[in-house]
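>>> Sequence below, structure please.
(one chain, ligands or ions: 1)
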Amino acid sequence: MGQHPAPVLILTVLLGAVVTGQPRGRILRGSEAKPHLRPYMASLQLDGQHVCGGFLIAEQWVLSAAHCTEETDGQLFQVLLGAHSLTKPEPHKRLYRVRAQIPHPGSNIHNNEDDLLLLQLEEKAELNQHVQVLPLQRQDRDVQPDTVCEVAGWGTTSHSGRRPDTLQELQRPVISRELCNRRTHHDHSVTRNMMCTSSHRKDTCKGDSGGPLVCGGVAEGVVTAGSRVCGNQHKPAIYTRIAPYAAWIDGVLASAPALTAAP
Ligand code: 5W5
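Okay, here's the model as predicted:
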């Protein structure tokens, strides 16, 4: 930059705000979801605070990201189902206790590998119009680049950390692993068990982790929970692909003793 970086920067920021009609640095640029049209969405909470997203994959199981447990030191999450607003009373909205939290054994704090978490609810969730299971992709084939998929969450909507009360959603095109892995982007850290979507203008951010990437009505990926910059087009959003983990998921669900439905 020239001799007067500060004035140039200020002008850029002001012009950016005028041109886009948005405060610069607004991350999600998503929109509020229509209430309860994503009845599989879960909010993972600690002490009543939203920490991560997740989604219902069976009556008593929620899938999320292993990194979500990073700062919970052994505490179990509570799982909010049937919600649009985190605070307002809503029909069918209910907080469930968790019986077991099972991170993928390959997950670790240093990278995004095997970043999956299974949560067994204390009881089977009551399925209704606002609480439904999302089907998982079981065929291990890459989603074609440019396919437009959907992601939703209660994660932050600005660089200043603004927390939305209601579920927000975004459409994002898938980008090739090759592009995502460029040295200028994620520099070969994206494995074949991961996929990426464009982070140009619209992006997921802190607190959206654990939510599903839905393509054609099927969960293809889980938003990874390693910390990253949001809304930078050189740092695409990374997801754990679900199909390579179908056997692990099935094994965990089968091994846990079935819960008896409430009489
Ligand atoms: C997370 C988190 C959180 C991430 C939620 C992704 C909050 C990892 C738990 C540990 C404060 C970008 C924290 C407030 C991290 N994690 C969870 C609300 N939750 C990203 N990791 C990303 O509530 O920190 O989110 O891009 F979200 F409402 F603010 O994720 C896609 C920066 C840091």
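>>> contacting residues for the residue in the stretch 51-200 of the chain positioned nearest to the ligand?
With CB to the nearest ligand atom as the measure, Arg163 is the residue of the stretch 51-200 of the chain nearest to the ligand, at 3.6 Å. Placement of C-beta: from N, CA and C, glycine included. Arg163 is in contact with 50, 154, 156-157, 207, counting by CB atoms under 8 Å, 6 or more residues apart in numbering.
>>> And whichever residue of the chain sits closest to the ligand, how far from Asn108?
Distances between the chain and the ligand by CB to the nearest ligand atom are smallest at Gly207, namely 2.0 Å. Per CB to CB, to the nearest Å, Gly207 is found 21 Å from Asn108.
>>> Name the surrounding residues that touch the strand or helix carrying Tyr96.
Counting by DSSP states H and E, the element that carries Tyr96 is strand 94-103. Strand 94-103 is contacted from outside by 45, 66, 69, 76-82, 116-123, 125-126, 131, 252, 256, 259, using CB under 8 Å, 6+ apart.
>>> Drop anything exposed from these.
By neighbour count, with 16 or more other CB atoms under 10 Å, those hold 45, 66, 69, 77-82, 116-121, 125, 131, 252 as buried.
>>> Confirm for me that Gly155 is in contact with Asp208.
Yes. Using CB atoms under 8 Å, Gly155 is in contact with Asp208, at 3.3 Å.
>>> Can you name the residues of the stretch 101-250 of the chain sitting close to the ligand?
Residues of the stretch 101-250 of the chain that fall close to the ligand, judged by CB under 6 Å from any ligand atom: 154-156, 163, 204-209, 223, 225, 227-228, 230.
>>> what stretches of the chain score poorly on pLDDT?
Residue ranges of the chain with pLDDT under 70: 1-28, 258-263.
>>> mind listing the helices in it by residue range?
Applying DSSP state H to the chain gives helices spanning 5-20, 177-180, 246-255.
>>> what comes up buried for the shortest one?
Along helix 177-180, these residues count as buried under the neighbour rule (16+ other CB under 10 Å): 177, 180.
>>> in terms of contact count, name the helices or strands touching it.
strand 194-197 (3 or more CB pairs under 8 Å, 6 or more residues apart in numbering; DSSP states H and E).
>>> Asp73 and Ser64, how far apart?
17 Å.
>>> sorry, that was for Arg201
According to CB to CB, Arg201 stands 26 Å off from Ser64.
>>> The two: who's more crowded?
Comparing Arg201 with Ser64 by other CB atoms under 10 Å, the one with more neighbours is Ser64, at 30 against 13.
>>> wait, what's in contact with that one?
Contacts of Ser64 (CB under 8 Å, 6+ apart): 42, 44, 52-55, 116-119, 209-210, 222.
>>> Identify, from those residues, the entry nearest to Leu167.
Leu167 lies nearest to Gly53 out of the contacts of Ser64, by CB to CB, at 9.2 Å.
>>> Identify the residues contacting the closest residue to the closest one other than its chain neighbours.
Take Gly53 and drop its neighbours on the chain: the residue closest to it by CB to CB, 6 or more residues apart in numbering is Gly211, 3.2 Å away. Shown in contact with Gly211 (CB under 8 Å, 6+ apart): 41, 52-55, 151-153, 204, 222-223.
>>> do that again at 10 Å, thanks
Listed by CB atoms under 10 Å, 6 or more residues apart in numbering, the contact partners of Gly211 are 38, 40-44, 52-55, 63-65, 151-155, 167, 169, 204, 219, 221-223, 239.
>>> So which of those residues are in strands?
Among the contacts of Gly211, the ones falling in strands (DSSP state E) are 41-44, 52-55, 63-64, 151-153, 169, 219, 221-223, 239.
>>> These, buried ones only, as a ChimeraX selection?
Entered in ChimeraX, the line below selects the buried ones among the ones in strands among the contacts of Gly211, by 16+ other CB under 10 Å:
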select :41,42,43,44,52,53,54,55,63,64,151,152,153,169,219,221,222,223,239
